[in-house]
Structures are given as structure tokens and as C-alpha cells.
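K.L.:
kindly generate the corresponding structure for this input.
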Amino acid sequence: MVMPHSASLLGASRKRGKYFHYEFMIDGRKYRGTTKETVKSRAQTVEALLIADVRNRGGHINLRKAPLLRMFAQRFLEFTEAQQIAQHLDLDTLRYYKSGWKSLERTQIANMRIDLIGTSDAATLSFPGGASNANQALRALSRMLHLAVEWNLIRAAPRIKLREEQGRTSLIDSNTESLLLEHAPQPLRDVLVTVMDTGMRPEEAMRIQWEHVHWDRNAVFNPHGKTAKPRRFVPLSSRLRESLGRRRDNGGRWVFSICQVPVRPSDDRGQAVDFHSECGKGRRPRAESTCYPCGSRPVLR
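P.N.:
The predicted structure is shown next:
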């Protein structure tokens, strides 16, 4: 009768080159590698400790050489992209991890084996920018190492300490708001009114389309945000309603139009063409983007 976690020694402490190597099997799984010992008795002790360790941990530890962080990052990014496609990971989180890895790959830790990375190694890393940028890289590193544990590549993930960030220390009071609105040119003034009266982030305000403005309900719908909660209706203040009303006939689908895009009636084949007022280029409209026929970057005007 075979007892649970029984060990079969296939070639105990065999010398290959300078060092003795271990090779044993537990529950049908083979483990082999170098003991880093040149004396057979010491090699046998290392092998016995490894067998005991595998038994105690349930036989799920990978004793082979761990990959470099740079090599492991490829698998990590592929996994996070698959998670995002399966809708188990937010797109912003995916971008956050990718940006964090870009910062990490420029450091010396990228060429270290993941099983050798410790708390002190992460603590001595330096990154351009402030603490927020550093924490982006450190959070990506922490997530990578915890996945390595889950995938049985390392025994345990070290604790990665984050840098202290300085929070916002100032608020826009009524006097500051009055000065901003007094000196801000258009369309910046209308953007400021939208942000201050709705509580939206600047990015959210810039992505408002006219179909999101419900005049009859006296509300604007916020379709985008960092999480699902910002998807909500926000009441229109009298000041914001007046501000948006002045922009109502701008001819585009965006409230804060990047470029004025009048639509030509048709081209030579009778199909509507979007026309860029600055570059003069035209193309047939596509669902993913009809505002930037020339592919130009957004420029407020």
C-alpha cells in the first residue's frame, strides 16, 4: 500500500560536474535540481530537507530555477490582457499595470530572478516623477509576485512597501472660482462650469455628447468613470444649463467639440463624408470615430 506523499528517490545526490544534484518523486510528480553542494553528505541533507518541505506544502512547490522578472512580465501582461478581454479586469487597471511595468523595466530589478526579489530590493528602487508614479510601479511588482506564488513559481511574495503620497491640500473656494471664470477663455470657462457644477472629473466632462444632455429632465448623464458608480444622472444647475445652451448649435456630437465637423451631403458615390475643417481631409464615417478624419490629437478651441 502506497502511503500519501510517499517519496521515491530516483537518483539521490548524483554528482554532475562540480555539484551534487537531487532527483525524487512525490505523488507522481518529479523534482530535480542542484543542491549547490560539493560534499555528498551535505547534498543528501539538502535533499532530505527538500523532500520534507514538499510534503509539508502539499507537493505544489516548483523547485526549478525561477525566471527573470523581465521574462515573467511577458506572461503577466498576457494574463492581464486576457483578464480584461474576459471582463474580469478593468481597462484602466490594465493600463495601470502596463505603465507600472514600463517604469520597472528600466530598473535593475528587471534582470533579477523573481525568487530573489525581496522587500529591500523594492525599497531601494528609484523612479522618475513623484510618489504616485513610484507606487504605480510597486503595485504592478506586488501583483506580479503574488501571481508567481499562485502559479507555483516562488514560495512566497515579499511585502512591497509603497511610498508616501501627498494628498490634495487646496480647494477651489468661491473667490478662486470667480477669478478662474473671470479670466478663463472659452471653451475652458464652460468646461470649468461643468466640472464645478456636476462634480465630474475633467476627462468625464470632456467626453459628454449631446445625446447625454437631457433638457426635458434637466439632467446630464455621465457615461464614463473610473468605476461603474460614476455612471449616473447629474442635475443641471441654472448656470450650467445656460452655459450648455450657448454651445448647443456647435454642429458636432460632442458638447466640447475638438474640431468642427460639418458633414458633406455626399461624395461621388452618394455616401456621406466627414470633413475636417483644419486639414481639409475627408473620409466616410466609421462607428469608432467620426470626429478625427485626419487622426489629429484633440486640441480645444
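K.L.:
where's the nearest residue to residue 218 once chain neighbours are set aside relative to residue 175, distance?
P.N.:
Among residues not flanking residue 218 along the chain, residue 236 sits closest, at 5.0 Å (Cβ to Cβ, 6 or more residues apart in numbering). Glycine gets a C-beta too; all of them are placed from N, C-alpha and C. Relative to residue 175, residue 236 is positioned 24 Å away (Cβ to Cβ, to the nearest Å).
K.L.:
the more surrounded of these two?
P.N.:
Each of residue 236 and residue 175 has its neighbours counted (other Cβ atoms under 10 Å); residue 236 has more, 22 against 8.
K.L.:
which ones are touching the more buried one?
P.N.:
Counting by Cβ atoms under 8 Å, 6 or more residues apart in numbering, residue 236 touches 197, 213, 218, 219, 220, 244.
K.L.:
what subset of those is buried?
P.N.:
With burial judged by 16 or more other Cβ atoms under 10 Å, the buried subset of these is 197, 213, 219, 220, 244.
K.L.:
neighbours of residue 29, just the number please.
P.N.:
Neighbours of residue 29 (other Cβ under 10 Å): 10.
K.L.:
ugh, typo on my part, it should be residue 118
P.N.:
12.
K.L.:
my guess is it contacts residue 157. True?
P.N.:
No. In this structure residue 118 lies outside contact range of residue 157 using Cβ atoms under 8 Å: 10.2 Å.
K.L.:
low-confidence stretches in the stretch 201-301 of the chain?
P.N.:
225-230, 251, 258-301 (pLDDT under 70).
K.L.:
note down every partner strand of the helix or strand encompassing residue 31 and its orientation.
P.N.:
Residue 31 belongs to strand 29-37 when assigned by DSSP states H and E. The strands beside strand 29-37 in its sheet (DSSP bridges) come out as strand 19-26 (antiparallel).
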